[in-house]
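Q: Got a sequence here, can you model it:
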Amino acid sequence: MKKSIKYAGIAAATLLAVAPVAAPVLSSVSSTTVQAATDANTSAMTDFTNQYTDYTIPAGTTAGAITHFGKNVSLSDFNTDYAQFVKYNLTNAAEKATALSATTDGAAAATVNVSAVTGNGTTVNSAAELTQYLTDNTTKSVKVTAVFNYKDVDGNNAAAITKTFTITKASVASTDINSAAVSYTKSANVEYGSSTADYKLVDSTDVSVKDNNGNELVNGKAADLTKTVGQQFFTSYNDAYAAATAGTVAGNNTPSTFEKANTTYYQVIKLSFAKDSAFANLLTNHATDASNYGLTVNGTTPNGNFNDPTTFQTGTTADGKFVTVIRSFNVGSKEAASWTVSDVKGIVTTKNDTDSYTLKNEDNVTITNRALGKNTAWKTDQKRVDQKGNVQYRVATGEWINADDVTFSDGTATTDGLTDIKDASGVATLNKPAGYVFSLFGDNGKVLSRALATNSAWQVDRTAKDSDGNTYYRVATGEWLQAGDGVSFK
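A: Predicted coordinates for the structure are as follows:
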């Protein structure tokens, strides 16, 4: 009994599902018959709106002013402003559009709601803004959305027709650059009394401008570029900044040498670009649309302010654009200039008359927080001699040691390296005054460029000896610490 009831229920459900299917078939046939007659107003509005598709303003052509924008613009007003962007007409569309807008704006007083956004998504708020954007030769595109509201022949509101079309400016070439990276040497250290002549030459500048494709825009040969290098120097940054902002390079001092010790000279460099050059166009675009056109100077975005670290300034002339940068020359001391420097290659080993040996800076002033331990070896790459015959060797950037405190070797002597290598386990502790460092040696017994700081501890896994009987502790692969004063091992 239960099975029969269940079957009957299924059959009933099937009948219910089948019965409604026939109704929509008749309805569909009826609907098709009604739509066979096309509404005349819909046909006219469709022809009219189909004229508006993506449009490119031809090169050399300026867009006409837009006076109608926003909601409820009449059809005739819309046609007056925007018909300039119609690039083709469908059959009889022009005639129909004219007739449509002439009959009291046709389609029972049709209206248009007009809105627009720029190519980078910024909303356009008025007819004046749209005109400004379309006539600005730096813009690329603007997207216009027009919603057409109208009535059918029976006076009923018809479904609105929406048209979105993009207006592009052909005058902005697709090959225009959208970013550039400017680089130049902002400052240089020069010796007291050295000549300024080299820095007055145009080719002494290393200003580079590379576009987003990596192409160099400043090569000194381009017809659209003129370089001007200041033949005079400024003695104050304020004066140099004022000149650079005005686009001038003349200074207030014309020395043949850097005659003032421990001071800074400033020089303005000016690059002038022709009006239609790629970089001039980028500068214009960047000034109006920094979000889409990038510009960096030495890796930083310039701000044009007095304290702008890039010193980059830009300006406009009748012939195009100019940019200026300021480079500075930091003149050293008279003491530093009294040394004659030559290149050497070798090793200096400190003597053992005292626990440590002082270092000198570029001006021959004692460095108070650094010293070299006795009987330690250091690589050297330069030697300098002053006018009195005093000799010093450079053991690090800006750090020199007196020749009387070391013995020099050119490194050509052969060595058997470290021998008597044994496994070990312990810690080497380094204990000397702050600033003291301990040399490291390689497997060949020669000093390395690395060193260990005082007040530190290092795990040791092997010991060794050199031909002189000195003991070494291995603290890393290929790196050995020499036993001696300040080194304890447990």
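
Q: give me phi/psi at Tyr293?
A: When read as degrees, to the nearest 10, the backbone of Tyr293 gives phi -130, psi 110.

Q: residue contacts, it?
A: Tyr293 makes contacts with 178-179, 282, 285-286, as judged by CB atoms under 8 Å, 6 or more residues apart in numbering. C-beta: built from backbone N, CA, C; applies to glycine.

Q: Name the nearest residue to Ala65, ignoring sequence neighbours.
A: Once flanking residues are discounted, Ala65 sits nearest to Thr131: 5.0 Å by CB to CB, 6 or more residues apart in numbering.

Q: Beyond the helix or strand encompassing the one you found, next helix or strand please.
A: Thr131 belongs to helix 127-135 when assigned by DSSP states H and E. Per DSSP H and E, the first helix or strand lying C-terminal to helix 127-135 is strand 141-149.

Q: And that following strand, what does it pack against?
A: Under the contact criterion of 3 or more CB pairs under 8 Å, 6 or more residues apart in numbering; DSSP states H and E, strand 141-149 touches helix 40-49, helix 75-82, strand 111-118, helix 127-135, strand 161-169.

Q: Dump these into CSV; add mean pLDDT, distance to Ser236 and mean neighbour count as well.
A: Converted to CSV, the helices and strands packed on strand 141-149 look like this (pLDDT from 0 to 100; distance: least, CB to CB, whole Å; neighbours: other CB atoms under 10 Å):
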stretch, mean pLDDT, distance to Ser236, mean neighbour count
helix 40-49, 81, 67, 19
helix 75-82, 86, 56, 20
strand 111-118, 93, 44, 20
helix 127-135, 89, 42, 18
strand 161-169, 89, 46, 17
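
Q: Just send those back as a markdown table, with distance to Thr358 too.
A: Below are those laid out as a markdown table (distance: least, CB to CB, whole Å):
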| stretch | distance to Thr358 |
| --- | --- |
| helix 40-49 | 89 |
| helix 75-82 | 83 |
| strand 111-118 | 67 |
| helix 127-135 | 69 |
| strand 161-169 | 70 |
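
Q: coming back round to it: tell me the spacing between the residue nearest to Ala65 and Ile66.
A: In this view, Thr131 and Ile66 are 5 Å apart by CB to CB, to the nearest Å.

Q: Check Tyr436 too.
A: From Tyr436 to Ile66 the distance is 78 Å (CB to CB).

Q: just Ala108 next, same as before
A: 26 Å.

Q: So those two - more neighbours on which side?
A: For Ala108 versus Ile66, neighbours defined as other CB atoms under 10 Å are more numerous around Ile66 (24 against 17).

Q: Phi, psi for that one please.
A: Torsion angles, degrees, to the nearest 10, at Ile66: phi -100, psi 130.

Q: hmm, back to that, compare the helices and strands packed on strand 141-149 and give me the one nearest Asn470.
A: For these, the distance to Asn470 is smallest for strand 111-118, at 76.0 Å, taking CB to CB.

Q: Would you mind writing the CA trace of the closest one as CSV?
A: C-alpha atoms of strand 111-118 as CSV (Å, rounded to 0.1, in the frame of the first residue of the first chain):
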residue,chain,number,x,y,z
THR,A,111,17.5,64.2,-22.8
VAL,A,112,21.1,63.0,-22.2
ASN,A,113,23.1,62.5,-19.0
VAL,A,114,26.7,63.0,-19.8
SER,A,115,29.7,62.0,-17.6
ALA,A,116,33.4,61.4,-18.2
VAL,A,117,36.6,60.1,-16.6
THR,A,118,40.2,60.6,-17.7
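
Q: now it against helix 127-135, angle please.
A: Computed by axes from the mean of the first three to the mean of the last three CA atoms, to 10 degrees, the angle separating strand 111-118 from helix 127-135 equals 50 degrees.

Q: What is strand 111-118 packed up against?
A: strand 70-74, helix 75-82, strand 123-124, strand 141-149.

Q: Can I get those in CSV including distance to Phe48?
A: As requested, the helices and strands packed on strand 111-118 are arranged in CSV below (distance: least, CB to CB, whole Å):
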stretch, distance to Phe48
strand 70-74, 13
helix 75-82, 8
strand 123-124, 23
strand 141-149, 8
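
Q: what's the closest of those to Asn50?
A: Taking these one by one with CB to CB, strand 141-149 is closest: 11.1 Å.

Q: Identify the residues contacting Leu271.
A: Here Leu271 is in contact with 207, 209, 218, 225-228, 322-324 (CB under 8 Å, 6+ apart).

Q: out of these, which are inside strands?
A: 209, 225-228, 322-324 (DSSP state E).

Q: which among the residues you listed end up buried?
A: Buried residues within the ones in strands among the contacts of Leu271, defined by neighbour count using 16 or more other CB atoms under 10 Å: 209, 225, 228, 322-324.

Q: quick one: which of those is nearest Ser456?
A: Out of these, the member with the shortest distance to Ser456 (by CB to CB) is Val209, at 47.8 Å.

Q: shouldn't that closest one be in contact with Val218?
A: Yes - with contacts counted by CB atoms under 8 Å, Val209 reaches Val218, the gap being 4.5 Å.

Q: Need the overlap of contacts for the two.
A: Joint contacts of Val209 and Val218 (CB under 8 Å, 6+ apart) are 271, 279.

Q: sorry, back to before: now the helix holding Thr131 - C-alpha only, PDB.
A: Output of helix 127-135 as PDB, limited to C-alpha atoms (Å, rounded to 0.1, in the frame of the first residue of the first chain):
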ATOM      1  CA  ALA A 127      31.900  71.000 -19.300                       C
ATOM      2  CA  ALA A 128      34.800  73.500 -18.600                       C
ATOM      3  CA  GLU A 129      37.000  70.700 -17.200                       C
ATOM      4  CA  LEU A 130      36.200  68.400 -20.200                       C
ATOM      5  CA  THR A 131      37.100  71.200 -22.600                       C
ATOM      6  CA  GLN A 132      40.300  71.900 -20.700                       C
ATOM      7  CA  TYR A 133      41.300  68.200 -20.700                       C
ATOM      8  CA  LEU A 134      40.500  67.700 -24.400                       C
ATOM      9  CA  THR A 135      42.500  70.800 -25.500                       C
END
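
Q: packing partners for that helix?
A: strand 141-149.

Q: Buried residues in the strand it packs on, which are they?
A: Under 16+ other CB under 10 Å, the buried positions of strand 141-149 are 141-144, 146-149.
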